[in-house]
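>>> Quick one, fold the following:
(chains A, B, C and D)
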Protein chains: 2
Amino acid sequence: MLTTAPVSSRPPGPVIASCLANSTPVDEHADLRASRHVADTLKLLQDRLAPRRRLVHAGDVVYGAGERFSTLYVLNAGFFKMVNLTADGREQVVSIKFRGDWLGFDGIARGTYSCDAVAMDTGEVWMIRYDELLAACRDCPALLDVLHEAMSRQIGRDRESLMSLCTLPADARVAEFLRYWADSLARSGLRSDQIMLRMTRAEIGNYLGMTLETVSRALSKLARDQVIRFAEKGRREIRIPDVGALSSFVQRCLVPVTTLQ
Amino acid sequence: MLTTAPVSSRPPGPVIASCLANSTPVDEHADLRASRHVADTLKLLQDRLAPRRRLVHAGDVVYGAGERFSTLYVLNAGFFKMVNLTADGREQVVSIKFRGDWLGFDGIARGTYSCDAVAMDTGEVWMIRYDELLAACRDCPALLDVLHEAMSRQIGRDRESLMSLCTLPADARVAEFLRYWADSLARSGLRSDQIMLRMTRAEIGNYLGMTLETVSRALSKLARDQVIRFAEKGRREIRIPDVGALSSFVQRCLVPVTTLQ
DNA sequence: CGCCACTTTGAATTAGCTCAAATTCCGTGG
DNA sequence: CCACGGAATTTGAGCTAATTCAAAGTGGCG
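Numbers count the residues shown, from 1 in each chain, chains lettered A, B, ... in the order given. Predicted coordinates for the structure are as follows:
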């Protein structure tokens, strides 16, 4: 559980238990706290609302853009992408959801969902009728706190995505993307030194505002620089020996030449 | 300055009164309804919370990144920009706020604000302590609805920004930006055929993920195509004879050659 | 009037895109 | 088991939209 530091001394080791490989250098308990926070939130929802659970498989659409809004979803397992399709035919992955994330907030204001929520893997969502949630909040203020916290976190997260898009070159955006994915796994209580990407290069590129070729080149570069490693077979699985290395890669992208003088 | 234009058959024509020239083709009362909605919301807040008002002038910082979160702000007049500064020194305008918009949602989850809220003009914000708001919501569910609606709308809006960034070329992003600004003025109940930009080209470029030169070129192009017109003096004021023209300009950007076959 | 910040425009440069070809992976059926 | 085919990926090469660099031009204001 305690990573053996940056320098990889770790043998591939069986994936069995031993989970929760984290590596935030600043606060090595941060991931643990975060994952507990997710677990606590889910527990609260389960206790107070006993939400209906729904199993999903890759490709399942939990709700589609334009459908009447009535229920929020909380992701308990698996991964989702939110896909937006504009009237003029532009298609865009606008966000990726992990365990503990809520789906459907955008529906509250308009009365209809504005995206498709598509499962990228086998997983489970909890269905929470918005009206029932509000009713339950009356008896249990903690529930309201949890709701607001989730909405607020999404707002903060969306902002970070926007920052990335606006201020980072393509290579760095890919690195940031992997870093966030690893972070999210850690928050979920899963091992984060190993990512099974559930997206094609084309989808990643769409999400990050670049072409699939650029994604591929960026990943190749990250591998060349030893920041990531591809699993022996299948280039969808990515090993991240040290999350910190991803962050410093981003930094390096920002200071292209200035280092010299 | 006025290049004799490619075709130019339209005479300058007086722009005198005739305010509120809107041009949503689908529903010509949409703007009116939207502005009533903003007014109703503000009325509700005023009646139930009697929030403290604060006058601001251009450059005033209502709250800064890192400050302890305690209160939300509702913009009653003026314009704000939200500015994010990352640890590594990247600075980014992450959103623009208009009348009826709320400021500070990002603070709920982290307990601190994550952006600077900077006034771009003389205006007024209403201060709403978050704890008091929650207390008031207990007696008045409508208040809670308004809060959730505002958070949800921001989530939806942030998504649209991201779509723009990812899927539109620079020219179109500038057009979209102006269109949204005009829309927001209409929602505020202000005339929307005329925009006084409170931002430099550099700020606009930062917000839209491009350089100031690109913004300038895009605006020049829009003027050349008669989609906008600059006021006689000062290139900060922009006339929009027809908002629809902005939208169709965006469309044109998306179909570069395909029109032929 | 003259400074200064902002804007516009042009010319050269480049990051990322498009197009194209080769390679790998994986499921399917003989 | 292997051969086959389609989809995803990688990599190269040229092209283009947008950036960078540079030089005027414009407006606001003490």
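>>> Contact residues of chain A facing DNA strand D?
Contacts of chain A with DNA strand D, taken as CB under 7 Å from any atom of the strand, map to A:200-202, A:212-213, A:215-217, A:219-220, A:230, A:235-236. Just so you know, the C-beta spots here come from the backbone N, C-alpha and C atoms, and that holds for glycine as well.
>>> Which one of these is nearest to DNA strand C?
Relative to DNA strand C, the closest of the residues of chain A next to DNA strand D is A:Glu213; by CB to the nearest atom of the strand it sits at 4.0 Å.
>>> Is the helix or strand where the closest one lies positioned near chain B?
If you go by DSSP states H and E, A:Glu213 is part of helix A:212-224. No. Helix A:212-224 lies out of reach of chain B by CB under 8 Å from any CB of the partner chain, never closer than 12.9 Å.
>>> Report the rounded mean pLDDT for the next helix or strand after that helix.
Next helix or strand after helix A:212-224 toward the C-terminus (DSSP H and E): strand A:229-230. For strand A:229-230, mean pLDDT rounds to 93.
>>> buried sites along the next helix or strand after strand A:229-230?
Following strand A:229-230 in sequence order, the next helix or strand is strand A:237-239 (DSSP H and E). Across strand A:237-239, burial judged by 16 or more other CB atoms under 10 Å in any protein chain shown covers A:Ile238.
>>> which residues does A:Ser164 contact?
A:Ala172, A:Arg173, A:Glu176, A:Phe177, A:Leu208 (CB atoms under 8 Å, 6 or more residues apart in numbering or on different chains).
>>> Can you point out the buried residues in the longest helix along chain A?
Taking DSSP state H as the criterion, chain A has its longest helix at helix A:141-167. Residues of helix A:141-167 classed as buried: A:143-144, A:146-159, A:161-167 (neighbour count, 16+ other CB under 10 Å).
>>> just stretch A:63-77 next, same as before
Going by neighbour count (16+ other CB under 10 Å), the buried part of stretch A:63-77 is A:Tyr63, A:Ala65, A:Glu67, A:Phe69, A:Thr71, A:Leu72, A:Tyr73, A:Val74, A:Leu75, A:Asn76, A:Ala77.
>>> What's the per-residue pLDDT of A:Ile16 here?
As predicted, A:Ile16 sits at a pLDDT of 28.
>>> And the one 4 residues further on, by the same measure?
Taken from the predicted model, the pLDDT recorded for A:Leu20 is 30.
>>> which stretches of chain A form helices?
Going by DSSP H, chain A shows helices at A:30-49, A:106-110, A:130-139, A:141-167, A:170-188, A:201-208, A:212-224, A:243-254.
>>> Need the winner for burial among those helices.
Of all these, helix A:170-188 has the most neighbours on average by mean count of other CB atoms under 10 Å in any protein chain shown, namely a mean of 22.
>>> check whether it contacts DNA strand C.
Yes. Contact of helix A:170-188 with DNA strand C (CB under 7 Å from any atom of the strand) involves A:Ala170, A:Asp171.
>>> if we can go back for a sec, tell me which strands and helices the helix holding A:Glu213 is in contact with?
Under the contact definition 3 or more CB pairs under 8 Å, 6 or more residues apart in numbering or on different chains; DSSP states H and E, helix A:212-224 sits against helix A:170-188, helix A:201-208.
>>> Name the surrounding residues that touch that helix.
With contact meaning CB under 8 Å, 6+ apart, helix A:212-224 is reached by A:170-171, A:173-175, A:178, A:200-202, A:204-205, A:208, A:228-230, A:235, A:238, A:246, A:249.
>>> if you set the cut-off to 6 Å instead, what comes out?
Here helix A:212-224 makes contact (CB atoms under 6 Å, 6 or more residues apart in numbering or on different chains) with A:Ala170, A:Asp171, A:Val174, A:Arg201, A:Ala202, A:Ile204, A:Gly205, A:Ile228, A:Phe230.
>>> follow-up on the earlier one: and B:Val118, which of the helices and strands packed on helix A:212-224 is closest to it?
Ranking the helices and strands packed on helix A:212-224 by proximity to B:Val118 (CB to CB) places helix A:170-188 first, at 25.6 Å.
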